Structure formats: structure tokens, C-alpha cells
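S.K.: Just need the structure, nothing else, for what follows:
(one chain, ligands or ions: 2)
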Amino acid sequence: MGSENMTIPCFDLCKGGMRLEEGSEEWKEMSKKVREACENHGCFLLICDDEIIPNTVCKDMFHNMKALFDLPEETKQQYVTAKPYRNYNGKNSPIPLSESFGIDDTFLSDNAEAFANFLWPQGNPPFSETLKTMTSKLVELSFLVLKMIVEGYGLPQHYISDAENMNSSSFSRLMKYRVDDESDNEHETVLPAHTDSSTLTIICQKDVQGLEVLSKTDKWIELEIPHDGVVVLVGDILQAWSNGRLHSVKHRVVLKGEKERYSFGLFANPKDDINIKVPEEFVDNQIHPLRYRPFKYGEYFDSYVSNALEALEVFECI
Ligand SMILES: O=C(O)CCC(=O)C(=O)O
Ligand SMILES: [Fe+2]
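M.R.: Ligands and ions are numbered 1, 2, ... in the order given. Reported below is the predicted structural model:
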């Protein structure tokens, strides 16, 4: 497998500082491009004007994340939860060059406060407020992208409720990667290749690049996430729902150079009891026979936990 500088499309959902109006001709055209990028590459880059995510929110988030990861290792390690991928993962984890925290639905409930209060017993309102705002902006953005996908396929409007269902829960992951001081590797894979268990994932980063996606021709493509932008990745759930038309892209993080990398991931997910069912418009007997039987997200997630790389295959029906 080589690497390649193939360009991944970069879109802007605003014009003159204003969001494209839903239903306008420009919005419809953009929806087609978004759909094509999700089919061909399984991802696209997005410039985020203040209308989409205020620049100050991202700046505050990364400032707060630095303070979080700067906490003593013993404090961080006390953050243990029952659900997989939510614990603090640090030096003792199977991926020791990355540290991460995972938090569910930080915008809906008191989860952001509970998380901040756990790590800072005296509380940390600036942290929890920023986390809430950041997540709610990204959840709004993921819904917008899902509506564009429904539009991009010309599906009837009632499929907007599928978009809502597939976006009904969210998981925020806060990540820090570092290179190994001992190693003289020029390139360090700090997060191994995987697909995401989400409907779609939005990644924001602070300054340092490192995310790579695997092209359909098996070449690793280094992403250049714009300074004021994000990358949107198709997850396994969109691949299943679209009967395999949208591509759940394999990705990994490779660090070059000595700089640490901070990133924030929003995983838009269905709630566990949501049924994922391929729309009949995506099925025909010749080219697109039904590829995935209906399943509940919770069933799929159990399969992901036991074997992430083949989680979706369990639900294949051809
Ligand atoms: O940090 C990144 O850029 C990607 C993280 C990622 O792929 C994940 O957490 O699933
Ligand atoms: Fe990922």
C-alpha cells in the first residue's frame, strides 16, 4: 500500500457568511457533491464559517482540552465507565501514543457537567459550557449533512426522519497524540486503521495534521484539514443504510515530526434501539440487491466491540 496526494473535495456550506438556504438551487447542487464525495471517498473537508462553528468555540475547546490532558495521570486514570470506548485511555492502553476520553450526549443532559466535576472536583464551568456548545454545533452540522445526503439522492422528504434517527445520539471523543521519545521512526502510526461505528464522524484538530484515509484503490491519502475547517467521515451506519452506496472509509492517524496533535471527534450515532433499514429506493434486483438486513444499532455496536473491522459483515445478506 503506497501513499498518495489525491485530493479530497473541500466544500463551504456558506456564501457571503450566510448558510446556503435549504431547498435552494445552490443547496441542491451542493447536496449532490456531498453525496458524490461520500460515495467516492467516504469523506470530505469542510470550511467552517462562524455560521457553522464559531471560531472562538473551537479555540476555547482546544484550550480546555490542553488543561484536561495536563491533569495528573492518576486523576485521568480514575475516569472509568462501563460502556466501551468511554474510559480514559492513556499510556497503559493498547494504543499508548494516544490519550483519549469519550463522553456521551454532552449537549442534552448534565453529562458535560458530570464529566468536568469528576475531573475537577471544584467544577469547571468554562470546560463544560464549551464542550456542550461544541457538541451541539457539530450535532447540528451532522444533521445538515445527513439532510443533504437525503436530498443528494432525491429521496422523498419522509426520509428526513431516518436522518433524525441516525443522528439521535452523539459521542464526543477528546484526543491527544504524541510521538514516542525513544523511537527514531519518522512516521509513527498513533491510531491504527479502522472504520467508525458511527453514522458519520466530524473531526476537528488543532494545527497539526496526521489523519489519513484509505482510498478505494488502497492508497493512504494524507488529509489537509483546513485551519478553520473539519473533515466529515462516513461511518458504518451510513454505509449500511445506503445499501453500500456510501463508503465507510478506513482511516488512521500518523504523526510526522515531534509535535503533539489534539483532535476532537463528534460521532453522530443512532440510539441503541433505532432500527437501521435500507430505504426501498436503494434496492433493485439487478445492480443493487439488498446488502444489509435490518438491525438495531445496539446489536451492531455489540458486534463492533467484539470485532471492529468486520462488524458490519454480520448483517450482510448477500
Ligand atoms: O484524531 C483523529 O483525527 C481521528 C480519530 C479517530 O479516527 C477516531 O477516534 O475514531
Ligand atoms: Fe475513527
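S.K.: So what's the residue count around the residue of the stretch 101-250 of the chain found nearest ligand 1?
M.R.: The minimum distance from the stretch 101-250 of the chain to ligand 1, using CB to the nearest ligand atom, falls at L211 (3.9 Å). For every residue, glycine as well, the C-beta is placed using N, CA and C. Using other CB atoms under 10 Å, L211 is surrounded by 21 other residues.
S.K.: Spatially nearest residue to it (excluding sequence neighbours)?
M.R.: The shortest distance from L211 to any non-neighbouring residue, by CB to CB, 6 or more residues apart in numbering, is to L223 (4.8 Å).
S.K.: For that neighbour, list the residues it contacts.
M.R.: Going by CB atoms under 8 Å, 6 or more residues apart in numbering, L223 touches I8, C43, L45, Q209, L211, E212, V213, V231.
S.K.: Could you rerun that using 7 Å?
M.R.: Going by CB atoms under 7 Å, 6 or more residues apart in numbering, L223 touches I8, Q209, L211, E212, V213, V231.
S.K.: Of those - the most surrounded one?
M.R.: Taking other CB under 10 Å as the neighbour criterion, V231 ranks highest of these with 25 neighbours.
S.K.: Which parts of the protein are helices?
M.R.: 25-40, 55-69, 73-77, 111-119, 125-152, 160-166, 236-241, 297-306 (DSSP state H).
S.K.: need the residues of the stretch 101-250 of the chain near ligand 1, please.
M.R.: Taking CB under 6 Å from any ligand atom as the contact definition, the stretch 101-250 of the chain meets ligand 1 at R173, M175, L191, D196, I203, Q205, L211.
S.K.: which residues does the residue lying closest to the third one once chain neighbours are set aside form a beta bridge with?
M.R.: In space, and not counting its chain neighbours, L191 is closest to V253: 3.8 Å by CB to CB, 6+ apart. Applying DSSP bridges to V253 gives these bridge partners: L191, L211.
S.K.: isn't G152 right up against E39?
M.R.: No: in this structure, G152 is not within contact of E39 by CB atoms under 7 Å, at 9.1 Å.
S.K.: Between the two, which is the more surrounded one?
M.R.: Taking other CB under 10 Å, G152 and E39 do not tie; G152 has more neighbours (22 against 18).
S.K.: Now do the contacts for the more buried one.
M.R.: So G152 contacts S31, K32, V34, R35 (CB under 7 Å, 6+ apart).
S.K.: and the gap between it and D272?
M.R.: 28 Å (CB to CB, to the nearest Å).
S.K.: same question, Y304
M.R.: Using CB to CB, one obtains 12 Å as the distance from Y304 to D272.
S.K.: Who has more neighbours out of the two?
M.R.: Y304 (23 against 14).
S.K.: show me what contacts the nearest residue to E113 once chain neighbours are set aside?
M.R.: Nearest residue to E113, sequence neighbours excluded (CB to CB, 6+ apart): S128, at 4.8 Å. Applying CB under 7 Å, 6+ apart to S128 gives the contacts A112, E113, A116.
S.K.: Let me have these in a markdown table, adding neighbour count and pLDDT as columns.
M.R.: Listed next are the contacts of S128 as a markdown table, based on neighbours: other CB atoms under 10 Å; pLDDT from 0 to 100:
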| residue | neighbour count | pLDDT |
| --- | --- | --- |
| A112 | 25 | 92 |
| E113 | 18 | 92 |
| A116 | 24 | 94 |
